[in-house]
Every structure is written in C-alpha cells, then in structure tokens.
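# Below are the sequence and a predicted model for it; my questions follow.
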Number of protein chains: 2
Amino acid sequence: MDTKPAMHLTIGAVAKRTGVGIDTIRYYEREKLLPAPRRRPSGYRDYDAATVERLRFIRRAKQLGFTLDEIRDLLALSADRERGVKSVKLRAQARLGEVEARIRELQRVKRGLAQLIDACPGHGPLERCPILRALGEENDA
Amino acid sequence: MDTKPAMHLTIGAVAKRTGVGIDTIRYYEREKLLPAPRRRPSGYRDYDAATVERLRFIRRAKQLGFTLDEIRDLLALSADRERGVKSVKLRAQARLGEVEARIRELQRVKRGLAQLIDACPGHGPLERCPILRALGEENDA
DNA sequence: CTTGACTCTGGACCACGCTCCGGGGTTTAG
DNA sequence: CTAAACCCCGGAGCGTGGTCCAGAGTCAAG
C-alpha cells in the first residue's frame, strides 16, 4: 500500500501492462467502457493505475463470456454502492443461465453428430452415408 | 415415387416450403451454396424440388453448427461419388471436435461463474462482493 | 383492364469487437 | 539536432450471415 503518485502512463504503456491493444483501448473509450482520461498539454492521453485495473476487469469479464454491453453494466453497478452487489450477482446468475443453455444446445448438436459419425462406414457409395442422408432427409428435426 | 414433372416453383414458393427467407435464398445463390436456377422468360427464378432438398440440407447442417463455408464443402463432397463419403465423415469428425472443445471451454466459464455466485452474499458493501473482487484482482487467470 | 401480390436488380445496412490507415504532431535516445 | 518511436484523430474495413430498400417489371384474380 505505498502511496503511488498518480502514475503517468501513455496509452502504449497501458496497452503493454494490460495486453489490450492501443486501438482497442481507444475503442473502449468511445464505447464508454473507459472514462475519457486526462490529457497532457500535447493532447496525449494520460492514464493512471485505476485504468489499468479497469482494463483487467474488462478482460476477465470478457473471458467469462460477458459482452461489452454487459460489462458496461457491471462497471456501472460496481460504482453503485449497496445496490450494486445484488445486481451484480443477478447479472452473473443470468450469464450463468445463458452459458448453461448454450452448453445444453451444444450437447444436443454433439449427440447428433456423434450418432451420424458412428453410423457412417467412411467409404462406399454416397447413398449409404448416413451423414448425407440425414442432412438431406424429408423429415424436419 | 411418381414422376414429378419438373415442378415449377417461384422463389416465394420455395421460401414457404423450406422456411428460408427469399433474401436468404438469393444470398445463398450469390454465395454459391445454391446453383443459379433456370429462369422464366420474365426473368423469374424457376426452381425444382432438388433446390428445396438442398435448402433443407443447408438448414440442418446449420443447426449442427456448420458454417456456410463448411456447408459449401459438404455440398461439393456430396456430389463427389466415392471420394465423398470419407471426406464427409472427416468433416463431421472435425466439427465434432470443435463442438467438444467449445463445450469444455463453456464448462470452464460456467465453473468460474458458479464459484463466484456461490461466494457472493448478494448484499452488503461492494468490497465484499467476490464477483467484483475476482474481476478486479491482480492475478491473471 | 385493374389491382394487388409477387419478383427482379444492385447496393446499403445491421450487430460485434475490433483493426488498420493516412497525415499529422510529440517525445526521447543518442 | 536528428531519427525513431510514439501519439493524435476521423473514418474505413473486416467477417459472418443475412436483411432491407427503391424502382421497375410480371402475374393472377376478379
């Protein structure tokens, strides 16, 4: 907990520390995921450590599958003391539900594919390939 | 197996029979997923039953998560007698591998979310919300 | 014949999340 | 001082898979 004296970082330095590209950082600023930073007399953006934290937050939320819209929400909520926690938990639960639904959907797809592959001899006339047959069949799944 | 006499279908009729939109059918034609159909003297596209089949094939392949590029491949292979079957099976296996990888990835995400949700009380100060804390933490997962 | 539903074309536009470009100004190492 | 490396901005472009539009021609029912 040393007193860091503001830490003047250029956008490039922030990019290096976070692994987020320069263009992406500017994009996040346009998209209101990052506040507009202070500027040096030259016009250069002048970042502090908090921005680096915020970018890491964004990166991790993205890894959990949140969209930028959702992350913007999370960031807003995390600035809203008291009311924030409940909402953040709800958002996370909603996201979990979506992830679970997507997994179920993919497992359905996986079963369909696996069945076809099992049944396919891998050689011989096309007419006997169950993959093509299934894809072409009349009945709508 | 009655001898169907060519079946003259307009694009709208095909759309109705397949559930694929008119604009989408024309898009598939541009993208070489469908052959350019015969034309009536008026210039109207004139489809037969085979196109309807082909569109259903495309729809089902899409449901299995194939991209349009992959479907174009599958369609080409399904016209290649003998060599086709082996390749089709390989494509399906590759697709299965991708689906499985995606499921594993989502399960990783799901575990991460579920842990955070379990640990979050859902109320109280933000400082104690493990969701926000985890997203903001220094260590890179 | 009229009316309304259909079809034609080329091209613009959408979401999403970046990524790159040109033409300039700034900063820093040597 | 110079050259390299950095930064600024506005705007275009990418990939995927469509969707929508205007303006003009066609077809079928009444």
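Cool, got the structure. Numbering: from 1, shown residues only, chains lettered A, B, ... in the order given.

# Going by C-alpha atoms from here, please, whenever you check contacts or count neighbours.
Fine.

# Of all the helix elements in chain A, which one is longest?
Ranked by residue count under DSSP state H, the longest helix found in chain A is helix A:83-119.

# Show me the helices in chain A, by range?
Going by DSSP H, chain A shows helices at A:11-18, A:22-30, A:49-63, A:68-77, A:83-119, A:130-136.

# who touches the spatially most central residue of chain A in this structure?
In chain A, the centroid-proximal residue (CA atoms, centre = their mean) is residue A:62; its distance is 2.6 Å. Neighbour list for residue A:62: A:68, A:71 [criterion: CA atoms under 8 Å, 6 or more residues apart in numbering or on different chains].

# same deal with residue A:66?
With contact set as CA under 8 Å, 6+ apart, residue A:66 has these partners: residue A:95.

# Check the gap between it and DNA strand C for me.
With distances taken as CA to the nearest atom of the strand, to the nearest Å, residue A:66 is found 7 Å from DNA strand C.

# List, one by one, the residues from chain A near DNA strand C.
Neighbours of DNA strand C within chain A, by CA under 7 Å from any atom of the strand: A:21, A:23-24, A:27, A:40-44, A:66-69.

# The residue in chain A that DNA strand C sits nearest to: how many residues sit nearby?
Residue of chain A nearest DNA strand C, by CA to the nearest atom of the strand: residue A:67 (3.7 Å). Residues lying near residue A:67 (other CA atoms under 10 Å in any protein chain shown) number 14.

# Same check on residue A:38?
Around residue A:38 there are 13 other residues, counting by other CA under 10 Å.

# mind checking which helix or strand of chain A has the lowest mean pLDDT?
helix A:130-136 (a mean of 61; mean pLDDT, DSSP states H and E).

# by contact count, what packs against the longest helix of chain A?
helix A:68-77, helix A:130-136, helix B:83-119, helix B:130-136 (3 or more CA pairs under 8 Å, 6 or more residues apart in numbering or on different chains; DSSP states H and E).

# Mean neighbour count and distance to DNA strand D added to those helices, as a markdown table?
A markdown table is the format used below for the helices and strands packed on helix A:83-119 (neighbours: other CA atoms under 10 Å in any protein chain shown; distance: least, CA to the nearest atom of the strand, whole Å):
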| stretch | mean neighbour count | distance to DNA strand D |
| --- | --- | --- |
| helix A:68-77 | 17 | 14 |
| helix A:130-136 | 21 | 15 |
| helix B:83-119 | 17 | 13 |
| helix B:130-136 | 20 | 23 |
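
# Distance to residue A:119 for those - can I get that in TSV?
Listed next are those as TSV, based on distance: least, CA to CA, whole Å:
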stretch	distance to residue A:119
helix A:68-77	42
helix A:130-136	6
helix B:83-119	10
helix B:130-136	46
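
# ok, stretch A:39-58 near DNA strand D or not?
Yes - Stretch A:39-58 is in contact with DNA strand D by CA under 7 Å from any atom of the strand, via A:43, A:44, A:45.

# Tell me the most packed of those residues, by neighbour count.
Counting neighbours by other CA under 10 Å, residue A:45 comes out on top of the residues of stretch A:39-58 next to DNA strand D with 17 neighbours.

# Let me see the confidence value for it.
As predicted, residue A:45 sits at a pLDDT of 97.

# How far off centre is stretch A:107-120?
Distance, stretch centre to chain centre, for stretch A:107-120: 29 Å (CA atoms, centre = their mean, to the nearest Å).

# any idea of the mean pLDDT for it?
If you average the pLDDT over stretch A:107-120, you get 84.
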